[in-house]
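K.L.:
sequence first, then the predicted structure:
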Amino acid sequence: MPHAVWSGAISFGLVSIPCRVLAATENHNINFRQVHLADMGRVRTRKVCEIDGQELGADEIGKGYELSKDTIVQLTDAELDAMPLPTAKAIDIVAFVTADSIDPVRVGDGYYLQADGQVAAKPYKLLRMALERSSKVAVAKFAWHNRERLGLLRVKGDVIVLHAMKWDDELRSPAELTPREVDLSDDEIEAAIQLLETMAQDGIGHLSDHYREAVEEMLAAKAEHRKPAPVAGETPEPAGQVVDLMAALNASVEAARTARGENTENAVVHDLPKKRAAKTAADKTPAKKTTARKAAAKKTATKKSTGRKPRSA
């Protein structure tokens, strides 16, 4: 079990729930060291004072805020800890809202909240069940690392999860990134929906980090002086310029069905609008014959009219 990163209490109204905060995720990134290429020696970052040039230890370094180029104000950890912040040791719930009212862009890392002790078990379960039955999430304020933060509490299984959230003034407006107006046909939209439905899955638990696996295999191969073994996973072909959106959507639907092992022979996809085919020679023949017959009949009638003698009186 991971160690607690914070301990305090969840409070809503007059109810207080002692809890511990544990990381909900793990970091599996591959970390590289900086090395001297000539001899593979470690390159270390040293903290040096820019005034006297001395290398400093951790006990010689403190916090300072730069008011101006020549003025720095020092603050100690004790001074920050002594500030009268109500959320210093509490996750203070300030509102209950619907989940879809929270912009996912502002939601950050997740942490599991664990009831701290038997006395916290009942109010913890009470809050969890209230959130479940009301289909709501809780918005809270809490303080970590000398700053007050905004949080989101939601239910995952039998556990309450805390997400750190951004404040309103930390969100950038996407207005300037909105693409220009374009026209879309109903056929194009329906083809896109069909592609989404073809690619729909029950979950994403089967997905894995092929890049990390390839790097791990490359490192192991170098250490063992051998060639890296091929790592499972398809390498996507570079995307080219989309000339025909409908053609690309239809091809994507067929590719997705093939990847899922579906039979694409009888697949029903949106057909591209077809131009009216030009008339073939066979189609034109009857019209020519009809015109020829009309011309011959007209010529015969003219001859008969011309060759008829006038009746005698």
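P.N.:
Noted; the coordinates are in hand.

K.L.:
CA atoms for contacts and neighbours, from now on please.
P.N.:
OK.

K.L.:
so where do the strands sit in the stretch 51-200 of the chain?
P.N.:
63-68, 71-75, 90-98, 107-115, 136-144, 147-156, 159-165 (DSSP state E, counting those that start in this stretch).

K.L.:
quick one: which of these is nearest residue 24?
P.N.:
strand 107-115 (4.6 Å; Cα to Cα).

K.L.:
got the angle for the closest one vs strand 159-165?
P.N.:
Here strand 107-115 points in a direction 150 degrees away from that of strand 159-165 (axes from the mean of the first three to the mean of the last three Cα atoms, to 10 degrees).

K.L.:
follow-up on the earlier one: any chance of the strands of the stretch 51-200 of the chain in a markdown table, plus distance to residue 121 and mean pLDDT?
P.N.:
Shown next, in a markdown table, are those (distance: least, Cα to Cα, whole Å; pLDDT from 0 to 100):
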| stretch | distance to residue 121 | mean pLDDT |
| --- | --- | --- |
| strand 63-68 | 39 | 91 |
| strand 71-75 | 39 | 91 |
| strand 90-98 | 17 | 93 |
| strand 107-115 | 6 | 94 |
| strand 136-144 | 19 | 92 |
| strand 147-156 | 15 | 93 |
| strand 159-165 | 11 | 96 |
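
K.L.:
as JSON lines, those strands with mean neighbour count and distance to residue 130 would be great.
P.N.:
What follows is those, written out as JSON lines (neighbours: other Cα atoms under 10 Å; distance: least, Cα to Cα, whole Å):
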{"stretch": "strand 63-68", "mean neighbour count": "10", "distance to residue 130": "42"}
{"stretch": "strand 71-75", "mean neighbour count": "11", "distance to residue 130": "42"}
{"stretch": "strand 90-98", "mean neighbour count": "18", "distance to residue 130": "11"}
{"stretch": "strand 107-115", "mean neighbour count": "19", "distance to residue 130": "16"}
{"stretch": "strand 136-144", "mean neighbour count": "20", "distance to residue 130": "8"}
{"stretch": "strand 147-156", "mean neighbour count": "19", "distance to residue 130": "10"}
{"stretch": "strand 159-165", "mean neighbour count": "21", "distance to residue 130": "11"}
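
K.L.:
quick one: which of those is nearest residue 201?
P.N.:
Short answer: strand 147-156, nearest of the strands of the stretch 51-200 of the chain by Cα to Cα, at 20.5 Å.

K.L.:
strand partners of that closest one, parallel vs antiparallel please.
P.N.:
strand 136-144 (antiparallel), strand 159-165 (antiparallel) (DSSP bridges).

K.L.:
got the confidence number for residue 312?
P.N.:
With respect to pLDDT, residue 312 scores 43.

K.L.:
and for residue 232?
P.N.:
pLDDT, residue 232: 66.

K.L.:
could you do residue 280 as well?
P.N.:
At residue 280, pLDDT is 44.

K.L.:
again, but for the one 10 residues further on
P.N.:
For residue 290, the pLDDT comes out at 47.
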